[in-house]
Structure formats: structure tokens, C-alpha cells
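[1] Provide a 3D model corresponding to the input given below.
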Amino acid sequence: MQEAGYVVDAASDGEQGLALAESHAYDAVVLDLMLPRMDGFTVLSRLRQHSSTPVLILTSRDAISDRVQGLDLGADDYLVKPFDFAELLARVRAIVRRKYGSSDSVIRIADLEIDMAARSVRRAGVPIVLSAREYSLLEYLAARRGQVVARSEIWDHVYDFASEASSNVIDVYIGYLRRKIDQEHERKLIHTRRGLGYVLGDGG
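    Predicted coordinates:
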């Protein structure tokens, strides 16, 4: 998942996984069922008491009763092992899109086009090459297009909990995006709301 450009926190047992899911605003959770200390069904049931974070169950348990129980407990998808990694990525993208109210894999903002399936970006039809972290930041801002996104939210979604914090790293990456997305265009799409955060949208 990290090689595909995602920021990932990993948990080795159900209790740790639930604690992470309850204390961080994740875009999605990939959940095994056969976990030590707390099984996946219990994790999902307790998480659903107060969280709507999308959950994809990834398990070797292929019985129809297990699928039904997982979906009835609130899972958004259920994938059985062995699986093709490309399918897992596609399913994760789909549940994240639904979280942000989109069924289309392409986000369009003015003449900016972000293809989440291909992880590619174009502006006015011209391809833009981004690093994995630049792309992750742009995609997150695009999913929240038109909304002010606080620096703390960006940190939680674009950097894993083991990252070394830096006071200006978000500003640095916003600067990279501005140079690549806005510098050659009169219409600016990345805006700063001083003291609040950043907005990706067609407006000042």
C-alpha cells in the first residue's frame, strides 16, 4: 500500500487496530478477521458504535455466513484471500470515493483533472508529474474541494504516525504543488486561508 502511494499505519492485533482507528481520522481501514487479542468482527462492531470510517474486510474466511455477518456489522466491502493486489487497490479507491460523495474515479476542478485510478494529473490537458507525496496531498485536497482543510487534517492524512514532524513540511509541499499546478496558469486553484488551512477550488 505504501508503494502505491498510501500513508499506512499497521496494527498487529485487534486491540491495537481498534485503538488506532478510534484515535485517527483514517480514510479507510483494511481489516483482517482472524486477529489476536480481538477478532475482526469485534473490532468492526465496536468501531461502528461511533465511526463511519470505510472498512474493507480482507480475510481467508470465505463462507457466505462470514460475508453476511461482516456486511451486516457495517463493513463497506469484503475481499477474500488469495486476492489480486490491483483489485484490493481498486476496492480501497472505491470506498474512499464513496466516503467523499463521489462515484467517479476522476475529479475535475476547473481545467484540473485528477484520475484517482491511474493516479495521474492533468491541467488544461497537459500531464503534470508529481511525487507520491505530492499526489497524495493533491488528491486529499481534491476530495475536499471547496472546503478549508486544516493543517492538522493534512498531517493526519498525508503523513503516517511514525513520520518525523516538521513545522514547515506541509508548507513546503503546498509550495511544490503550487509551482506544478498553478505557476503557469492565470487562474489559481490552491488558496491559503490564513490561520485556517488550504482550499483547492476555482475561487479566491
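[2] quick one: contacts for Tyr198?
    For Tyr198, the contacting residues are 141, 148-149, 151, 154, 174, 190-192, by C-beta atoms under 8 Å, 6 or more residues apart in numbering. No exception for glycine: its C-beta is placed from N, CA and C like everyone else's.
[3] Against Ala28, how distant is it?
    22 Å (C-beta to C-beta, to the nearest Å).
[4] What of Gln49?
    18 Å.
[5] likewise Leu141?
    Distance check for Leu141 against Ala28: by C-beta to C-beta, it reads 17 Å.
[6] who's more crowded, the two?
    Legend: neighbour count by other C-beta atoms under 10 Å for Leu141 and Ala28, higher for Leu141 (28 against 19).
[7] host element of Ile107?
    Mapping Ile107 onto the secondary structure by DSSP states H and E places it in strand 106-109.
[8] quick one: contacts of that strand?
    113-117, 139, 142-143, 145, 189, 200-202.
[9] distance between the ends of stretch 50-63?
    The separation between the terminal residues of stretch 50-63, taken as C-alpha to C-alpha, to the nearest Å, is 28 Å.
[10] what pLDDT does the spatially most central residue of the chain get?
    Among the residues of the chain, the smallest C-alpha distance to the mean C-alpha position (C-alpha atoms, centre = their mean) belongs to Asp27, namely 4.2 Å. Looking at Asp27, its pLDDT stands at 87.
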